[in-house]
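*Asks:* Sequence first, then the predicted structure:
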Amino acid sequence: MAISEMEFKVEEIILKKVKKLLEDSLDELGQDVFDGEENLVEFKKMMWENSNSFDEGEIKQVMALTSLEAEKTLQKQRYFKKLCQIKNRPYFASIIFKDDKGKIFNIYISLTYLNDKKLNNILYDWRSPICSLFYDYEIGECEYTAPGGVYAGELKRKRQYKIENGKLVGVFDNSLNIDDEVLQEVLATESSDKMKNVVNTIQQEQNKVIRNLEDNNLIVQGIAGSGKTTVALHRIAFLLYRLKNLTSNNILIFSPNSVFAEYISDVLPSLGEDNTLQTTFNDYLSFFIKEYKDVETFTDFVSRYYTYKEDNPELVKYKQSDQIITDLNNYLNDYIFNCKFMGPVIENEVNIVTEEELNEMLHSKYDRLPLFERIDEMSKNLSSNFYRGSNKKAKIFGKLMKEEANFSKDYKEIYKNFWFSKYCNFNVTDVEVNQFIKKDVINYEDALLFSYIKGILEGFPYEGNIKQVVIDEAQDYNKLQYIIISKIFQRADFTILGDVNQNINPYYNYKSLEELADIFKGDTKYLELLKTYRSSPEIIAYTNKILNLKHVNAIRRENNKPVIFRKNLDNLKISLIYDISHLQEEYKSTAIITKDNREAEKLYELLKEDIQISLVDSTTKNFKKNLIIIPAYVAKGLEFDSVIIYNDRDNSYRKNERNLLYVACTRCQHELYIYN
């Protein structure tokens, strides 16, 4: 609801005052940062020139002081950068809150805070406790939780601002109504090449995920277009603000591919935070598995299925199953139990350790450790015992023990033997096993099992520095992957986001992501996001039919543009160019989404001479969304103004491939075309 002309003028005066304070603060802080850097350089120079006159205690004291000054300067630099970010748009919303004692607070909400000379808050960081009222409540009774306790009162007003280049363009009063003018205006905006922050339109159900501090782990089931990824990134920004000693280097995001990683790369910087560490599960597999030249990517793994190049899908299904976790554990327990030393270790013909002593150490004294770590500890222990605390002979003892052991660190052989053990629940031949064991590039499904075996026997690569892990597209990971991740990041809390309806792993699916709750340590909460902000109601109605869904709640207003179908075309090329031209006249971004890489490459060759178009695959790092061809399993997590769904007539989506078609169609915001 627009405000009166008088109120608008008052808001213009307030904006003018805030801008002046902001400019003064930037000038003052800029000088402080400059002076701090100059002083630090001089301080380091003085220390270097006089280092010979310092004793050890003085050197430590000076280094600690230098570190403290450097941190202060760095903090000022970060804050200066944040103030620069809000210079042209100092705030985006305000609330009037009356507490239960009758005191009234007029809170202006920004991407960061701003104080006046008397240290009074002029702008409040959107992540501060009182600002949660803007996202969580309609006008009326309300409360928020802060470090000092719960504060109750009445929310008197909610107001949103449209400020462009420091000028007030629009002011709207609203309640929590999801159809408010600002939200609809944001939804009407064309999608950009990269994801944007949405601090001014965060909805109540999203805010519950973002601000949750009560639970160690969050599992979020969100329908297509519900803002899962955006919510995850805003949650990271919130945690960085609220948790002491948490930095961007303590947070790791698991992304589905490099395309997605690039797409989200601007969100945290736009919120005034550094980008976090990012990886894919394939990165971990490639790092941990050195016994093969390379590891097949998840994209190539699913592509094998969707292009019908997999000879034995039932075997792959078993490799991806929960059952094989139990089978592997039983096999490994039995393998470790039967590991032993067959003879004594004799070093220097004087130092003798019997096989009984060695086996007692292996299975009792060091049984808390992974099998091959036990050998290392035993080697150090024996060296220390025989050589007065020295470890200099540890390698010799290790070599001698390996010569007497009935087991060795040959993971390929250990993995191969599983398939012929009594614990394997799938009949395979020698030829079949050798086909996937002796490859130069290990298959993705085998790499998961191989890395688990290796991790159990020698220990997983523990990452104690990581305190928060975010996993997006969670439905595409099987349970074994979560077990591996939980063993690597033992000190971390987890935020897991996905949609069981968007599963593109044809061999594994969840009825609910809540099934993951028991894997992680600490309190785990399951939440759902049931509103979609991406697609028009017309597109949602069509995509619902693909999977027979009824619960999807579309927030966009109708655009009266039905889904268009193109069938039995006389000239595919002419039809595509005609539709692309029409869509490009109206929209900034258009994607042709194919069923697989092969179709994407074929279509690209058909069109590249006539129109400027880009081919995107799972290895692409930089691309613009104006016009691209992309396979459905690479397009996950992305969104486009308009989409053309294409598949060859002889490569139609089958009944068990409906989820992939659903993923492809739900990438579209405004206008959807279906070819064949």
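*Replies:* On my side now, so go ahead.
*Asks:* tell me the pLDDT at K194?
*Replies:* pLDDT recorded at K194 is 80.
*Asks:* tell me the contacts of it?
*Replies:* 262-267 (C-beta atoms under 8 Å, 6 or more residues apart in numbering). Using the backbone N, CA and C atoms, a C-beta is placed for each residue, glycine as well.
*Asks:* before we move on, which element is it in?
*Replies:* Counting by DSSP states H and E, no helix or strand carries K194.
*Asks:* what about it, distance to K290?
*Replies:* Using C-beta to C-beta, to the nearest Å, K194 is found at 35 Å from K290.
*Asks:* if I pick L607, what's in contact with it?
*Replies:* 573, 576-577, 613, 629.
*Asks:* Redo the residues you listed as TSV? Include neighbour count.
*Replies:* Listed next are the contacts of L607 as TSV, based on neighbours: other C-beta atoms under 10 Å:
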residue	neighbour count
K573	13
L576	23
I577	15
I613	18
I629	24
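*Asks:* thinking again about what came up before, closest one to Q77 out of the contacts of K194, please.
*Replies:* Ranked by distance to Q77 (C-beta to C-beta), the contacts of K194 are led by D266 at 19.9 Å.
*Asks:* Next, count neighbours for that closest one.
*Replies:* Look at D266: counted by other C-beta atoms under 10 Å, it has 17 neighbours.
*Asks:* For F623, see how far away the closest residue to it other than its chain neighbours is.
*Replies:* Spatial nearest neighbour of D266, chain neighbours left out: K194 (4.4 Å); criterion: C-beta to C-beta, 6 or more residues apart in numbering. Using C-beta to C-beta, K194 is found at 10 Å from F623.
*Asks:* shared neighbours of those two, anything?
*Replies:* Common neighbours of K194 and F623 (C-beta under 8 Å, 6+ apart) are E262.
*Asks:* picking up where we left off before, closest one of the contacts of K194 to I107?
*Replies:* So of the contacts of K194, ranked by how close each gets to I107 (C-beta to C-beta), first place is V267, at 24.1 Å.
*Asks:* OK, contacts around that closest one?
*Replies:* With contact set as C-beta under 8 Å, 6+ apart, V267 has these partners: 194-197, 230, 233-234.
*Asks:* measure K550 to Q669 for me?
*Replies:* K550 is 22 Å from Q669, by C-beta to C-beta.
*Asks:* In terms of neighbours, single out the busier of the two.
*Replies:* Q669 (26 against 5).
*Asks:* shouldn't the more buried one be in contact with E538?
*Replies:* No - with contacts counted by C-beta atoms under 8 Å, Q669 stays clear of E538, the gap being 11.3 Å.
*Asks:* From the contacts of V267, list the buried ones, please.
*Replies:* Among these, those classed as buried by neighbour count (16 or more other C-beta atoms under 10 Å) are 195, 197, 230, 233-234.
*Asks:* Quick check: which ranges of the protein have low pLDDT?
*Replies:* For the chain, applying pLDDT under 70 flags the ranges 1, 35-69, 175-182, 184-188, 190, 551.
*Asks:* helix/strand/coil for the residue most central in space within it?
*Replies:* Centroid-nearest residue in the chain, with C-alpha atoms, centre = their mean: I253, separated by 3.4 Å. Look at I253: counting by DSSP: H, G, I helix; E, B strand; the rest coil, its state is strand.
*Asks:* still on that earlier bit, look up how far A224 lies from the residue nearest to D266.
*Replies:* 19 Å.
*Asks:* One more: K16?
*Replies:* According to C-beta to C-beta, K16 stands 43 Å off from A224.
*Asks:* neighbour count winner among the two?
*Replies:* A224 (23 against 12).
*Asks:* Mind giving me the packing neighbours of the helix or strand that Y335 is a member of?
*Replies:* Assigned by DSSP H and E, Y335 falls within helix 323-337. On a contact count with 3 or more C-beta pairs under 8 Å, 6 or more residues apart in numbering; DSSP states H and E, helix 323-337 meets helix 411-418, helix 444-458, helix 479-488.
*Asks:* Many thanks, have a good one.
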